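In: Output the structure for:
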Amino acid sequence: MHFLRERTARFYLAAALCAAAIVALSLFSSRLANLPTGPDGEEVLRVSTGAFTTSLDQVLKAEGIDDAGRYRLSKALAASLDLRRLRPQDTYAISFSTWGSVVSLSVTRDLKDYLLVPETGGGYEVSVRQVEIKSSAARAAGAIKSSLWESMSAAGVPPAVILDYADIFSWSVDFLTEVRDGDRWALAWEYRTDPSGKVVSQAVSAAVYDGAETGRKTAAAHAGGYYDEKGDSLRSMFLRAPLHYRRISSYFSNRRFHPVLKYFRPHQGIDYAAPSGTPVSAVADGTVTFAGWKGGNGRLVILRHGSGYESTYGHLSRFGKGARRGRRVSQGDVIGYVGSSGLSSGPHLDFRVKLNGTPLNFLKMKYRSTGTVSGSARAAVAASIAALEAAVQK
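Out: Next up is the predicted model:
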């Protein structure tokens with residue numbers, strides 16, 4: 001009897017194991033049927049993706065591909081793509097079959113996707129296509145609290161767009177000295193993204209700044225430039241200040257920079273107090289007539305501009321690369337760095353402007369537009385500004 005019970009137990013155990021095996025096989029077959037397939041119908045078991053922090057060869061090696069396999073893959077892809085110029089912003093995707101072979105290798109660089117797949121004869125086929133780009137638009141508005149950077153950042157405006165906004169108004173607003181708490185700002189921008197969601201380009205389409213010190217300033221994009229609602233170009237002969245917002249924001253790694261203190265002195269110039277090493281920009285196109293040490297001015301740069309204007313930049317810690325006598329400089333070029341050379345009580349820029357030898361109050365100089373648009377172009381610019389203001393007031 002004991003022997004019969006043991007045989008019966010073994011029979012049921014064997015039956016149970018057999019049933020379990022059938023179920024497992026069924027589930028495995030179902031899973032294989034639902035796996036994605038490669039270009040040739042080969043089932044894909046695993047996909048590895050990432051950015052190029054190292055070479056393609058090292059990426060393939062980390063995935064366990066042997067020397068011969070890495071050589072064949074790299075050689076095939078190198079016919080269409082310079083593998084030596086892959087950068088961290090470039091990405092890859094490698095799909096492997098259920099048996100460990102490479103089903104496809106994709107590299108995305110400069111908005112192009114390079115896809116490598118095996119051919120029947122043992123080689124590889126590489127195809128190149130443009131990455132699909134999605135266009136979108138956004139807008140934001142708010143009031144200044146502490147600084148333009150902090151207020152816009154809190155509203156979700158991307159850092160690059162904040163700097164572009166400041167650049168647009170750099171001829172009429174000094175965002176380092178003229179910003180006041182409570183000033184209102186608004187902007188609309190367009191941006192494009194790749195399939196991964198990474199922003200590949202962005203540009204401000206319309207902008208408004210209404211400040212207690214600056215008054216109301218408007219801008220809208222047209223034909224590669226920016227114009228106000230009257231059709232006047234925002235570009236002017238002179239930048240609003242020799243300390244450029246973009247350069248200072250970049251120099252200080254986008255951390256909050258306390259507004260630059262300015263005060264008048266009897267010499268009819270403007271002293272901009274700023275940390276030593278702050279980049280100093282040419283306020284207008286011109287020619288360097290002097291770059292050297294000049295008594296109490298310390299390291300001094302003098303620029304001659306058109307129409308009899310001259311600007312000087314004193315107490316510099318060092319000169320910019322292009323600040324050499326006789327050299328032409330463009331508006332916004334770095335000509336030196338804030339310092340305390342000469343007779344100076346602390347780091348600051350001594351900035352002065354003259355017209356035909358007569359000192360001018362730079363802060364009172366009138367804005368001089370470099371061009372205008374009229375007709376339908378002017379109407380389109382005004383409409384874009386009006387649409388932004390109407391949208392942010394809702």
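
In: For Arg84, see how far away Phe52 is.
Out: Per C-beta to C-beta, to the nearest Å, Phe52 is found 11 Å from Arg84. No exception for glycine: its C-beta is placed from N, CA and C like everyone else's.

In: The two: who's more crowded?
Out: Taking neighbours as other C-beta atoms under 10 Å, Phe52 and Arg84 compare with Phe52 leading, 19 against 8.

In: what number of residues lie near the nearest residue to the more buried one once chain neighbours are set aside?
Out: Leaving aside its sequence neighbours, Phe52 sits nearest to Leu86 (C-beta to C-beta, 6 or more residues apart in numbering; 4.3 Å). When counting by other C-beta under 10 Å, one arrives at 20 neighbours for Leu86.

In: all helices of the stretch 151-300 of the chain, in order?
Out: 159-168, 245-251 (DSSP state H, counting those that start in this stretch).

In: Please identify the buried residues of stretch 300-308?
Out: Residues of stretch 300-308 classed as buried by neighbour count (16 or more other C-beta atoms under 10 Å): Leu300, Val301, Ile302, Leu303, His305.

In: Residues in contact with it: which ones?
Out: Where contact means C-beta atoms under 8 Å, 6 or more residues apart in numbering, the residues beyond stretch 300-308 that reach it are 237, 282, 284-294, 310-316, 319, 323, 329, 335-336, 342, 355-356.

In: Stretch 146-161 now?
Out: 140-145, 162, 165-166, 175, 179, 181, 185, 187, 189, 199, 202, 204, 245, 249, 254, 256-257, 259.

In: For those residues, I'd like a selection string for PyMOL - just the buried members, please.
Out: To isolate the buried members of these in PyMOL, using 16+ other C-beta under 10 Å:
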select buried, resi 140+141+142+144+162+165+166+175+179+185+187+189+202+204+245+249+257+259
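
In: is it fair to say Ala390 lies in a helix?
Out: Yes: under DSSP: H, G, I helix; E, B strand; the rest coil, Ala390 falls within a helix.

In: That one: neighbouring residues, count only.
Out: Neighbour tally, Ala390, other C-beta under 10 Å: 9.

In: Next: Gly375.
Out: 8.

In: try Thr98
Out: Neighbouring residues of Thr98 were enumerated by other C-beta under 10 Å; the total is 13.

In: Identify the residue nearest it in space, chain neighbours excluded?
Out: Here the residue nearest Thr98, using C-beta to C-beta, 6+ apart, is Leu45, at 4.4 Å.

In: quick revisit: I'd like the buried residues of stretch 300-308 as CSV, with distance to Thr98, pLDDT and secondary structure appended.
Out: Converted to CSV, those look like this (distance: C-beta to C-beta, whole Å; pLDDT from 0 to 100; DSSP: H, G, I helix; E, B strand; the rest coil):
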residue, distance to Thr98, pLDDT, secondary structure
Leu300, 73, 98, strand
Val301, 69, 98, strand
Ile302, 74, 98, strand
Leu303, 70, 98, strand
His305, 71, 97, coil
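
In: can you put the residues you listed in TSV and add distance to Lys75?
Out: Listed next are these as TSV, based on distance: C-beta to C-beta, whole Å:
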residue	distance to Lys75
Leu300	59
Val301	54
Ile302	59
Leu303	55
His305	57
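
In: hang on, the earlier thing: next up, the contacts around the residue nearest to Phe52.
Out: Phe52, Ser55, Leu56, Val107, Arg109 are the contacts of Leu86 under C-beta under 8 Å, 6+ apart.

In: remind me, longest strand of this protein?
Out: As assigned by DSSP state E, the longest strand anywhere in the chain is strand 199-211.

In: Mind picking out the helix or strand in this structure with the poorest mean pLDDT?
Out: The weakest-scoring helix or strand in the chain, judged by mean pLDDT, DSSP states H and E, is helix 2-34 (a mean of 37).

In: Now the element after that helix, going C-ward?
Out: Remark: after helix 2-34, the chain's next helix or strand is strand 44-51, criterion DSSP states H and E.

In: residue ranges with poor pLDDT in the stretch 251-394 of the chain?
Out: Scanning the stretch 251-394 of the chain for pLDDT under 70 picks out 251-261, 263-267.

In: re earlier: what's the most distant pair in the buried residues of stretch 300-308?
Out: In these, the most distant members under the criterion C-beta to C-beta are Leu300 and His305, with 16.4 Å between them.

In: For stretch 385-394, list every residue counted as buried.
Out: Ile385, Leu388, Val392.

In: so the last one sits right up against Ala143, yeah?
Out: No: the criterion here is C-beta atoms under 8 Å, and Val392 misses it with Ala143 at 11.4 Å.

In: now for the helices of the stretch 151-300 of the chain, which one comes closest to Pro118?
Out: Using C-beta to C-beta, the nearest of the helices of the stretch 151-300 of the chain to Pro118 is helix 159-168, at 40.8 Å.

In: tilt between that closest one and strand 199-211?
Out: 50 degrees (axes from the mean of the first three to the mean of the last three C-alpha atoms, to 10 degrees).

In: Average pLDDT for helix 159-168, rounded please.
Out: Taken as a whole, helix 159-168 has an average pLDDT of 96.
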